[in-house]
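S.K.: Any chance you can model this:
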Amino acid sequence: MLKDKSGLKGLEEIGRKHLRRIHRNLPTATLYQEAVKNREGMIAHLGPLVVATAHHTELAPRARYLVRGADTDRDVLWNDSLQGVTGDDFNRMFSRMVSYMQNKEAYVQTLRAGPGNGREVTLRIITENAWHSLFVRNLYTPLHPPGEGMDFVPDFTIAHAPGFISLPDLDNTRSASFVMLHLAAKVLFIGGTAYAGELRQAVFSIVSTLLFHRGVLSIRCASNVGTDGGTALFMGRRGTGKTSLATDPDRKFLGDHGHGWDNDGIFAFEKGCYAKVQGVVQEKEPELFRCTRSFGTILENVAMDPATTRVDLADRSLTENTRAAYPATHLPGHVPEMAAGHPKDVFLLTRDAFGVLPPIARLTPQQAAYAFLSSYTSVFHEDAEGPRDPAPRFSACFGTCPLALPPHEYAMQFMEKIIRHGTRCWIMNTGWVGEPYGKGERLDLSVSRALVRAAASGALDNMPMEEDPVFGFQVPTKCPGVDTRILDPRKMAADPGEYEIRANRLAQEFMADFSRFGGGMPEDVRSTLSDVLTVEDPLDVVDLGFSM
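M.R.: Numbers count the residues shown, from 1 in each chain. Predicted coordinates for the structure are as follows:
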């Protein structure tokens with residue numbers, strides 16, 4: 001079906017024959033016009049484009065597919081979230097997608113992920129909707145002027161058609177929405193979902209895989225750079241506040257999500273941001289709030305009054321996961337080179353709903369590797385009334401791409417880099433301290449920012465610290481500009497005995513998660529990491545669970 005070795009020429013030729021019209025590399029203003037003309041979205045007060053993804057947000061589990069081959073069977077870490085399909089399955093899906101796009105218009109962007117100079121992957125991204133074309137243009141660097149780039153041969157092609165659905169009985173899939181990747185053909189398809197986050201996830205997976213073979217460790221994190229040139233990384237899953245902490249008016253913004261770490265330092269895959277904006281208020285996050293009121297920004301699933309065209313960031317009626325996609329140039333300070341030196345500080349973020357972890361603690365390299373491998377946070381069941389029923393989640397290396405290496409090998413690469421470059425590592429709880437969700441209040445962003453500034457400036461290096469008796473990390477007892485009592489969750493707990501039960505239960509959850517990887521680790525790695533966290537004479541609290 002795809003005639004040449006890369007598949008790119010064949011895909012392009014089919015597009016020229018069967019599509020009604022191809023719009024190449026349209027700029028922001030023109031894509032606005034196309035989106036409004038196509039009734040894909042509306043322009044809100046002060047200029048953002050407001051769009052909705054209907055009932056589709058993130059893909060269902062087990063809806064991501066990879067064409068099997070000699071390379072994938074050798075290099076890919078297969079798991080429940082990644083399903084194998086055959087080349088015939090892929091070609092059948094491709095034929096049906098071509099039929100679906102017959103006589104439709106398509107939007108094409110030729111882009112670069114990464115800063116260039118050998119630290120980039122080039123992409124052609126074909127979308128059914130104009131607003132998705134604007135989304136990828138916001139996040140990645142355009143390579144060609146409008147109308148050009150027809151004969152450009154990129155490293156990879158992505159085709160996205162939200163209206164095209166999979167037929168499980170025919171396509172050997174499990175649901176109507178899907179992502180299907182063919183590494184040998186250098187093509188990825190997305191169908192059945194309009195959620196723009198799937199495009200970013202697809203690019204991260206592709207870039208991570210291709211750059212891995214160039215010796216680059218790919219990391220999901222946000223980043224910024226201080227006035228002294230010191231780089232800080234903020235690793236965390238959704239809702240932990242990594243973009244909010246990286247968007248600091250006193251530091252230059254570097255990147256929002258995907259980063260590479262090589263022998264020369266850190267570089268961002270993206271030149272834009274895709275930030276969660278539910279509940280954002282001007283008083284606490286003025287930079288992010290301003291971006292939600294700017295021309296060029298896409299507001300995804302944000303409620304808007306059709307009469308006044310004003311948006312309401314507090315409204316969660318469409319989804320809790322409301323988003324804004326905007327270029328970094330919307331921020332008052334950013335690093336246009338998209339690259340910086342080796343990180344001086346790494347902050348491993350968690351939103352602990354159980355009030356156990358301190359707002360900040362210093363980690364040894366071994367503890368940092370353990371925290372990186374575990375990637376703990378709390379998740380909530382979310383409905384129209386808001387979040388409830390928190391549960392612990394461990395996601396392995398903050399969702400690092402599953403291709404190429406087992407999670408513990410990523411963790412050991414990470415530990416080797418922080419040791420080699422003398423990087424300080426911290427675990428930060430941006431959730432609840434002392435008292436759990438439902439009984440206490442979530443830590444204010446201003447406190448977390450003050451802690452980041454103190455750590456990055458070196459001020460915490462001179463503060464007295466105490467070792468946590470359960471987790472073993474070093475907790476500062478003082479911090480400039482922060483209430484001393486907040487630093488110790490035990491002092492924030494109304495019932496110290498009940499707090500110890502929660503702390504021991506969470507420690508056991510960490511160890512149970514670690515046991516998933518233990519069998520596949522070399523003995524030296526297992527012994528290095530298994531000693532990080534131990535609970536002597538653990539309390540029998542299984543019956544208590546995590547109920548609040």
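S.K.: isn't there a strand covering residue 466?
M.R.: Yes. Counting by DSSP: H, G, I helix; E, B strand; the rest coil, residue 466 is found in a strand.
S.K.: what comes up buried for the helix or strand harbouring residue 243?
M.R.: Residue 243 belongs to helix 242-246 when assigned by DSSP states H and E. Buried residues in helix 242-246, defined by neighbour count with 16 or more other Cβ atoms under 10 Å: 242, 243, 244, 245, 246. To be clear about C-beta, it is placed using only N, CA and C from the backbone, and glycine gets the same treatment.
S.K.: tell me which of these is nearest to residue 366?
M.R.: residue 242 (22.9 Å; Cβ to Cβ).
S.K.: sorry, back to before: packing partners of the helix holding residue 243?
M.R.: If you count contacts as 3 or more Cβ pairs under 8 Å, 6 or more residues apart in numbering; DSSP states H and E, helix 242-246 packs onto strand 222-225, strand 231-235, strand 252-255, strand 272-276, strand 343-350, helix 445-457.
S.K.: again, only using 10 Å
M.R.: The contact analysis (3 or more Cβ pairs under 10 Å, 6 or more residues apart in numbering; DSSP states H and E) places helix 242-246 against strand 222-225, strand 231-235, strand 252-255, strand 272-276, helix 286-291, strand 343-350, helix 445-457.
S.K.: of all these, which lies closest to residue 106?
M.R.: Here strand 272-276 is closest among these (Cβ to Cβ), at 21.9 Å.
S.K.: hang on, isn't residue 480 packed against residue 463?
M.R.: Yes. Under the criterion of Cβ atoms under 10 Å, residue 480 makes contact with residue 463 at 8.5 Å.
S.K.: These two: which is more packed in?
M.R.: Per other Cβ atoms under 10 Å, whichever of residue 480 and residue 463 has more neighbours is residue 463, with 16 against 12.
S.K.: Now do the contacts for that one.
M.R.: 362, 454, 455, 474, 476, 477, 478, 479, 480, 487 (Cβ atoms under 10 Å, 6 or more residues apart in numbering).
S.K.: how close does it get to residue 487?
M.R.: Taking Cβ to Cβ, to the nearest Å as the measure, residue 463 falls 9 Å from residue 487.
S.K.: between these two, what contacts are shared?
M.R.: Residues within reach of residue 463 and of residue 487 at once, by Cβ under 10 Å, 6+ apart, are 476, 477, 478, 479.
S.K.: ok, which pair from those is furthest apart?
M.R.: It's 477 and 479 that sit farthest apart of the shared contacts of residue 463 and residue 487, by Cβ to Cβ, at 8.6 Å.
S.K.: Now name the helix or strand holding residue 417.
M.R.: Here residue 417 is assigned to helix 407-420, by DSSP H and E.
S.K.: buried stuff in that helix?
M.R.: 407, 408, 409, 410, 411, 412, 413, 414, 415, 417, 418.
S.K.: Could I have the CA atoms of stretch 100-112 written out in PDB?
M.R.: The C-alpha coordinates for stretch 100-112 follow below in PDB (Å, rounded to 0.1, in the frame of the first residue of the first chain):
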ATOM      1  CA  TYR A 100     -13.200   8.200   4.700                       C
ATOM      2  CA  MET A 101     -11.200  11.200   3.600                       C
ATOM      3  CA  GLN A 102     -12.500  11.000   0.000                       C
ATOM      4  CA  ASN A 103     -13.400  14.500  -1.200                       C
ATOM      5  CA  LYS A 104     -12.700  16.000   2.200                       C
ATOM      6  CA  GLU A 105     -10.400  18.900   2.900                       C
ATOM      7  CA  ALA A 106      -7.300  18.400   5.000                       C
ATOM      8  CA  TYR A 107      -4.900  20.600   6.900                       C
ATOM      9  CA  VAL A 108      -1.200  19.900   6.700                       C
ATOM     10  CA  GLN A 109       1.700  21.300   8.900                       C
ATOM     11  CA  THR A 110       5.300  20.500   8.400                       C
ATOM     12  CA  LEU A 111       7.000  20.900  11.800                       C
ATOM     13  CA  ARG A 112      10.000  20.400  13.900                       C
END
